[in-house]
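Engineer: take a look and give me a structure for this.
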Amino acid sequence: MIKSVLITGGAGFIGSRLAKACLNEGLKVRILDSFSPQVHHTKRLSNDLSDRVDLFHGDIRDRAIVQNAVAGVDSVIHLAAETGTGQSMYEIQRYFDVNVQGTAVLLDVLQNDANAASVRSVVVASSRAIYGEGTYVCRSHGDVFPEQRAADFMSKGSFEPVCPLCGCPVTMVATSEDAALKPMSFYGLTKQVQEEAVLLFAKTKGISGFALRYQNVFGPGQSLKNPYTGILAVFSNLARQNHPIDIFEDGLESRDFVYIDDVVEATKRAIMYEPHFVGSLNVGSGVATTVIEVAKSIRDFFASSSSVNVSGRYRVGDIRHNMADTRRLQEVLGFKPETDFPTGLRHFLTWAGGQPAEDKAAYTRSLAELDARGLMGSAKPVA
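Structural biologist: This next block holds a predicted model:
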């Protein structure tokens, strides 16, 4: 039975919620976090955590602090990572250094440090980004896994993926864990390496290992200041200040948004899972929601005068659609996400409405950084 857990990245959006859930289960909780200024406003835990957990303030790449943090714990939940598809396309070294090297340090300690011998399971936060475009169906070739969309097509307003074998139109279907892994951003590639490293370690060590492929996680408490990690934060900041909301591509690109409480519950169940298991599980809602629908819902919630504009601009490394097959999650952990997107969005926006609206300068600057490096493109605006 698991009695103690270390959560790397435990001061973050998912980690702090997960820490509270573990405490409620009677687990002893340790948190290792660097409090990255891009995400965190402060370098302190929330008041309802600070006196209940053991905090190790430091970097996942710091072997000494990792050794101290893992000593004597039963389970490790590895959330510490740099996140953001767009930023990863030009801060390549940083993403590999933190995500890949940080994971290597953690696993090396777990393998070689005698004080880590009690660890019986490892859970890593993987990502749907490892799939790239994911699974589509071609009339002629059945299930296919499209390549990265070509800039010459997108510049003409052709945003939908095509069959990699015949170039014909394809239809999106839910992506299962058995789909081909074809990451299209450096962030996705680092998450694939993280996942495969953790699962390989678990197999060779004879312990349980879960790679939870989170879809687009959202909910109260997520960072509103980080322009790289979610359109809900960006759009809510803009809508509350009545600024225009500019949408990439034609607005019909879609994402599988999964509510934070469902992510925490799935992760907690992985921690508490008693049978031996090594493998990957999708953690998503199984429903695709278009970006234009998201923008209009946010504008309407705040009764904002923001215009919603389809810009035709696009980012290199972005995928078109996203919808997870969650059947294996239900089969293994007996859990099916419960919060639908409209309900979760109301919870998020009610919370966000009580927070200071972040200036749009950071978001504008993030786009300028991509543009300066040739990682933005533009088609003729789509009406």
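
Engineer: in CSV, list the C-alpha atoms belonging to the helix or strand of the chain with the lowest mean pLDDT.
Structural biologist: Of all the helices and strands that make up the chain, helix 47-50 has the lowest average by mean pLDDT, DSSP states H and E, namely a mean of 89. The C-alpha trace of helix 47-50 is given here as CSV (Å, rounded to 0.1, in the frame of the first residue of the first chain):
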residue,chain,number,x,y,z
ASN,A,47,-1.6,28.4,2.8
ASP,A,48,-3.6,25.2,2.7
LEU,A,49,-0.5,23.3,1.6
SER,A,50,2.4,25.0,3.3
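
Engineer: after that helix, which helix or strand is next?
Structural biologist: Later in the chain than helix 47-50, the nearest helix or strand by DSSP states H and E is strand 54-57.

Engineer: next helix or strand past that following strand?
Structural biologist: helix 63-70.

Engineer: buried residues, that next one. List them.
Structural biologist: 65-70 (16 or more other CB atoms under 10 Å). To be clear about C-beta, it is placed using only N, CA and C from the backbone, and glycine gets the same treatment.

Engineer: show the subsequent helix or strand relative to that helix.
Structural biologist: Counting by DSSP H and E, what follows helix 63-70 is strand 75-78.

Engineer: quick check, Ala125 in contact with Asn99.
Structural biologist: No. Between Ala125 and Asn99 there is no contact under CB atoms under 8 Å: 10.3 Å.

Engineer: what do those two both touch?
Structural biologist: Ala81 (CB atoms under 8 Å, 6 or more residues apart in numbering).

Engineer: so these two - more neighbours on which side?
Structural biologist: Ala125 (29 against 23; other CB atoms under 10 Å).

Engineer: now Thr339. Nearest residue, chain neighbours left out?
Structural biologist: Tyr259 (3.8 Å; CB to CB, 6 or more residues apart in numbering).

Engineer: what's around the one you found, how many residues?
Structural biologist: 23.

Engineer: quick check: phi and psi at it.
Structural biologist: For Tyr259, the backbone dihedrals (degrees, to the nearest 10) come out as phi -70, psi 150.

Engineer: same question for Phe96.
Structural biologist: When read as degrees, to the nearest 10, the backbone of Phe96 gives phi -70, psi -40.

Engineer: excluding its backbone neighbours, what's nearest it?
Structural biologist: Here the residue nearest Phe96, using CB to CB, 6+ apart, is Thr190, at 5.8 Å.

Engineer: the one you found against Asp97, yeah?
Structural biologist: No. Contact criterion CB under 8 Å: Thr190 and Asp97 do not qualify, at 9.5 Å.

Engineer: average pLDDT for stretch 221-241, rounded please.
Structural biologist: The pLDDT scores in stretch 221-241 average 91.

Engineer: buried ones in it?
Structural biologist: Quick answer for stretch 221-241 (16+ other CB under 10 Å): 221-240.

Engineer: cool, stretch 83-103 as well?
Structural biologist: Buried, per 16+ other CB under 10 Å, within stretch 83-103: 83-91, 95-96, 98-100, 102-103.

Engineer: contacts for it?
Structural biologist: 59-61, 78, 80-82, 124, 129, 185-188, 190-191, 193-194, 197-198, 226, 228-229, 315-318, 366, 369-370, 373, 375.

Engineer: now the buried members of the residues you listed.
Structural biologist: Applying 16+ other CB under 10 Å to the contacts of stretch 83-103 flags 59-61, 78, 80-82, 124, 129, 185-188, 190-191, 193-194, 197-198, 226, 228-229, 315-318, 366, 369-370, 375 as buried.

Engineer: not counting sequence-adjacent ones, nearest residue to His347?
Structural biologist: Among residues not flanking His347 along the chain, Pro220 sits closest, at 6.0 Å (CB to CB, 6+ apart).

Engineer: would you say that neighbour is within a strand?
Structural biologist: No. Read with DSSP: H, G, I helix; E, B strand; the rest coil, Pro220 is coil and lies in no strand.

Engineer: surely it is in contact with Ile260?
Structural biologist: Yes. Between Pro220 and Ile260 there is a contact under CB under 8 Å: 7.2 Å.

Engineer: more neighbours, the two?
Structural biologist: Neighbour tally, Pro220 and Ile260, criterion other CB under 10 Å: the higher count belongs to Ile260, 21 against 18.

Engineer: which residues touch that one?
Structural biologist: So Ile260 contacts 13-14, 17, 217-222, 344 (CB under 8 Å, 6+ apart).

Engineer: and if you look at Tyr187?
Structural biologist: 82-85, 87-88, 95, 99, 127, 129, 317.

Engineer: kindly present those as JSON lines, with separate columns for secondary structure and pLDDT.
Structural biologist: Below are those laid out as JSON lines (DSSP: H, G, I helix; E, B strand; the rest coil; pLDDT from 0 to 100):
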{"residue": "Glu82", "secondary structure": "coil", "pLDDT": "95"}
{"residue": "Thr83", "secondary structure": "coil", "pLDDT": "92"}
{"residue": "Gly84", "secondary structure": "coil", "pLDDT": "88"}
{"residue": "Thr85", "secondary structure": "helix", "pLDDT": "90"}
{"residue": "Gln87", "secondary structure": "helix", "pLDDT": "93"}
{"residue": "Ser88", "secondary structure": "helix", "pLDDT": "95"}
{"residue": "Tyr95", "secondary structure": "helix", "pLDDT": "97"}
{"residue": "Asn99", "secondary structure": "helix", "pLDDT": "98"}
{"residue": "Ser127", "secondary structure": "strand", "pLDDT": "98"}
{"residue": "Ala129", "secondary structure": "helix", "pLDDT": "97"}
{"residue": "Gly317", "secondary structure": "coil", "pLDDT": "89"}
